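Participant: Generate a structure from the sequence data that follows.
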Amino acid sequence: MPSAPLNTIEITLQRGRVQGRAASGFEPVASAFADNFTLHQEVGAACAIYHRGRVVVDIWGGMADPASGHEWQQDTIALVFSAAKGPTATCIHQLAEAGKLDLDLPIAHYWPAFGCNGKEHISTRMVLTHRAGLAAVDGELTLPEVLAWEPVVAAIAAQAPNWEPGSKHGYHARSFGWILGELIRLITGQSAGQYLAGHICQPLGLRYWVGLPADYLPACATLLPPVGGNDSVAALLGADSLTARVMTGPNGLFGYNDMWNRPEVLQAEMPSSNGVGDARSLARFYAALTGQVEGVQILGPAQLAKACELQVRGPDAVIFHETCFGLGYALQPALAAGAGPRSFGHPGAGGALAFADPDAGLGFAYVMNAMQFKPEGDPRSAGLVRAAYDCLAWHAG
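Facilitator: Purely as a prediction, here's the structure:
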C-alpha cells in the first residue's frame with residue numbers, strides 16, 4: 001500500500017528546528033509538537049504516527065545534546081525506558097502463538113531453578129500482569145553483575161516473592177524484562193534482544209534495539225534526568241520501601257540519573273527498561289500489530305485479542321495510582337489520556353509513549369530526552385495525542 005502524500009515541515013525553535021513530514025490534514029500534530037518546546041520545556045524529541053498502515057506524521061526537533069549544541073536529526077535515537085515492555089511482551093506472545101510457551105504453566109516448567117521459595121506456581125501470565133510478586137529484585141548485586149544478565153536472573157530465581165503471588169498487582173519495573181527475557185532465552189536459545197531483532201525488528205525494518213550496538217551509540221540522544229531523580233520517592237517512603245526498591249533497584253543502582261547515558265548500560269540487555277530507538281520505528285511496530293505494514297504483521301489477530309483483554313485494574317501496590325494491564329500491554333484508561341478506549345501499548349519513564357488504537361487504525365509514538373514527572377500526566381504526549389485524534393476526526397468528517 002503506497003504511503004500517503006507527505007508535506008515537508010520546518011518550524012524554527014529558540015534552539016534547533018522542528019523538521020519532518022506530515023500528510024495533509026495532520027499538520028496540527030506538528031504545531032502541537034512545536035508548542036511543547038515553548039510551553040512545556042521540551043528539549044529534544046520526535047513523534048511519528050501511522051494511520052491504517054501508512055505513515056502520516058514523522059517529525060523531530062530540538063536538541064539531542066544541549067551541552068554540545070547537537071540538534072536532533074532524522075536518525076537520532078533515544079532511550080525509551082518502559083516503552084520497551086510492549087515489544088518485549090510481543091516476543092512472548094509470538095512464542096505463545098507458535099505453541100512454544102504456555103502462559104499458564106508454571107515458569108519452573110521452563111526454568112527449573114525458578115521453582116523455589118514460594119515461586120513454584122508463578123506463571124508467565126502473572127509476570128505479564130504484574131501479579132508475580134517479584135517487583136523488587138533482592139540481592140547485593142553490582143552494576144557489572146546486573147548488566148551481565150546471568151547474575152541478576154540467578155538472583156531472581158533464588159529469591160522469595162515480595163508478596164503472595166497472584167494476590168495483587170504491582171508494577172514490575174525491571175524484573176518484568178529479566179524474567180521474560182530468560183524465558184525467551186531458555187525456549188529459543190537467543191537472548192531477548194537477539195530474538196527481538198530477528199523476529200520483529202528486521203522484518204519491519206525498525207531502528208529499535210534492546211542491547212544497543214556500539215556503532216549506534218553516537219546517534220543516541222543524551223538523556224536529561226529530571227530534577228531530583230528518584231530522591232523524592234526515597235525521601236517520602238524511605239530507601240527500603242518497596243516502591244523505592246523497585247524503582248531504583250536492584251540494590252539502588254538505577255535511579256533516573258546520568259548513568260543511563262553510559263555506553264555499557266545502553267549496550268546491555270534490560271528488556272523492560274533500556275529499549276533504544278526512534279519514534280517512527282515504534283509507531284511502525286504498533287501499526288504492524290493491528291494490521292499489515294508493507295505485507296508484514298507480527299502477531300495474529302487471535303493472539304493479539306488475548307493479549308489485550310483486561311487482566312488487572314486498580315490501585316497499584318508499587319506505584320499506588322491506578323494501573324490497567326492486559327498481558328504485558330498497558331490499557332486504557334491508564335495508558336494515554338485522550339486515546340481510544342481499546343488502545344494498548346506502554347509509556348516510558350519521563351515521558352515516552354507508544355501505543356496502537358485498533359479502532360482508529362493508529363500507531364503512535366513519541367520519544368524525547370528531557371525526562372519529566374508530573375502528577376497530572378505529561379502534557380507533551382497528551383497534546384500530541386489530542387492533536388492526532390482531532391486530525392482523525394477531521395479526516396473522518
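Participant: buried sites along the longest helix along the chain?
Facilitator: Taking DSSP state H as the criterion, the chain has its longest helix at helix 379-396. The neighbour-count check on helix 379-396 (16 or more other C-beta atoms under 10 Å) flags 379-392 as buried. Every C-beta, even on glycine, is put in place using the N, C-alpha and C of the backbone.
Participant: and the two most separated of these?
Facilitator: Distance extremes for those: the farthest pair is 379 and 392 at 20.2 Å, using C-beta to C-beta.
Participant: Taking the centroid of the protein, which residue is nearest it?
Facilitator: In the chain, the residue lying closest to the centroid (C-alpha atoms, centre = their mean) is residue 83, at 0.7 Å.
Participant: tell me the SS of that one?
Facilitator: Put simply, residue 83 is helix when judged by DSSP: H, G, I helix; E, B strand; the rest coil.
Participant: likewise the one 3 residues further on?
Facilitator: When the structure is reduced to helix, strand and coil (three-state DSSP), residue 86 reads as helix.
Participant: wait, doesn't it sit right on residue 345?
Facilitator: Yes - at 5.4 Å, residue 86 counts as touching residue 345 under the criterion of C-beta atoms under 8 Å.
Participant: Need the overlap of contacts for those two.
Facilitator: 286, 329, 354, 355 (C-beta atoms under 8 Å, 6 or more residues apart in numbering).
Participant: Please report how far the last one lies from residue 88.
Facilitator: For residue 355, the distance to residue 88 equals 15 Å [C-beta to C-beta, to the nearest Å].
Participant: Also residue 348?
Facilitator: 12 Å.
Participant: if I look at those two, which residues touch both of them?
Facilitator: residue 275.
Participant: how does the chain divide into domains?
Facilitator: Following the assignment in automatic domain parsing, the chain carries domains at 6-81+271-297+339-396, 86-218+230-264.
Participant: Show me the shaky parts of the stretch 1-150 of the chain.
Facilitator: Residues of the stretch 1-150 of the chain meeting the criterion pLDDT under 70: 1-4.
Participant: residue ranges of the strands in it, please?
Facilitator: 6-12, 17-23, 44-51, 54-65, 70-71, 78-79 (DSSP state E, counting those that start in this stretch).
Participant: Export only the CA atoms of the longest one, formatted as CSV.
Facilitator: By that I understand strand 54-65. This file holds the C-alpha atoms of strand 54-65, laid out as CSV (Å, rounded to 0.1, in the frame of the first residue of the first chain):
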residue,chain,number,x,y,z
ARG,A,54,0.6,4.4,6.2
VAL,A,55,2.9,6.9,7.8
VAL,A,56,1.1,10.2,8.2
VAL,A,57,3.4,12.0,10.6
ASP,A,58,7.2,11.8,11.0
ILE,A,59,8.7,14.8,12.8
TRP,A,60,11.6,15.6,15.0
GLY,A,61,13.2,18.6,16.6
GLY,A,62,15.1,20.4,19.3
MET,A,63,18.5,19.4,20.7
ALA,A,64,19.8,15.9,21.0
ASP,A,65,22.6,17.1,23.2
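Participant: Okay, now the sheet partners of that strand, with direction.
Facilitator: Strand 54-65 pairs in its sheet with strand 17-23 (antiparallel), strand 44-51 (antiparallel), strand 70-71 (antiparallel), by DSSP bridges.
Participant: Go through those strands and pick out the most buried.
Facilitator: strand 44-51 (a mean of 28; mean count of other C-beta atoms under 10 Å).
Participant: Specify which residues of the stretch 151-300 of the chain, grouped into ranges, have pLDDT under the cut-off.
Facilitator: In the stretch 151-300 of the chain (pLDDT under 70), the answer is 228-239.
Participant: redo that, cut-off 90
Facilitator: By pLDDT under 90, the low-scoring segments of the stretch 151-300 of the chain are 226-241, 244, 248, 252, 254-258.
Participant: Quick check: closest non-adjacent residue to the residue nearest to the centre of the chain.
Facilitator: residue 348 (3.6 Å; C-beta to C-beta, 6 or more residues apart in numbering).
Participant: Surely that neighbour and residue 86 touch.
Facilitator: No - applying C-beta under 8 Å as the test, residue 348 and residue 86 come out as separate, 9.6 Å apart.
Participant: Count the residues that sit near residue 258.
Facilitator: The number of residues packed near residue 258 is 12, by other C-beta atoms under 10 Å.
Participant: neighbours around the closest residue to it other than its chain neighbours, how many?
Facilitator: Distances taken as C-beta to C-beta, 6+ apart put residue 225 closest to residue 258, at 6.1 Å, once the chain neighbours are dropped. The tally of other residues near residue 225 (other C-beta under 10 Å) stands at 18.
Participant: which residues touch residue 225?
Facilitator: 256, 257, 258, 260, 371 are the contacts of residue 225 under C-beta under 8 Å, 6+ apart.
Participant: Swap in 7 Å and give it another go.
Facilitator: 256, 257, 258, 371 (C-beta atoms under 7 Å, 6 or more residues apart in numbering).
Participant: what's the distance between the third one and residue 265?
Facilitator: Between residue 258 and residue 265 the computed distance is 10 Å (C-beta to C-beta).
Participant: try the first one
Facilitator: When distances are taken as C-beta to C-beta, residue 256 and residue 265 turn out to be 12 Å apart.
Participant: got the CA coordinates for stretch 173-183 in CSV?
Facilitator: C-alpha atoms of stretch 173-183 as CSV (Å, rounded to 0.1, in the frame of the first residue of the first chain):
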residue,chain,number,x,y,z
ALA,A,173,9.5,-2.1,36.6
ARG,A,174,12.7,-4.1,35.7
SER,A,175,12.1,-7.7,36.8
PHE,A,176,9.4,-8.0,34.1
GLY,A,177,12.1,-7.9,31.4
TRP,A,178,14.6,-10.2,33.1
ILE,A,179,12.1,-12.9,33.8
LEU,A,180,10.5,-12.8,30.3
GLY,A,181,13.9,-12.4,28.7
GLU,A,182,15.2,-15.5,30.5
LEU,A,183,12.1,-17.4,29.3
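Participant: What are the buried residues along that stretch?
Facilitator: 173, 174, 175, 176, 177, 178, 179, 180, 181, 182, 183.
Participant: And stretch 209-228, by the same measure?
Facilitator: Neighbour count says stretch 209-228 has 209-212, 216, 219-226 buried, by 16+ other C-beta under 10 Å.
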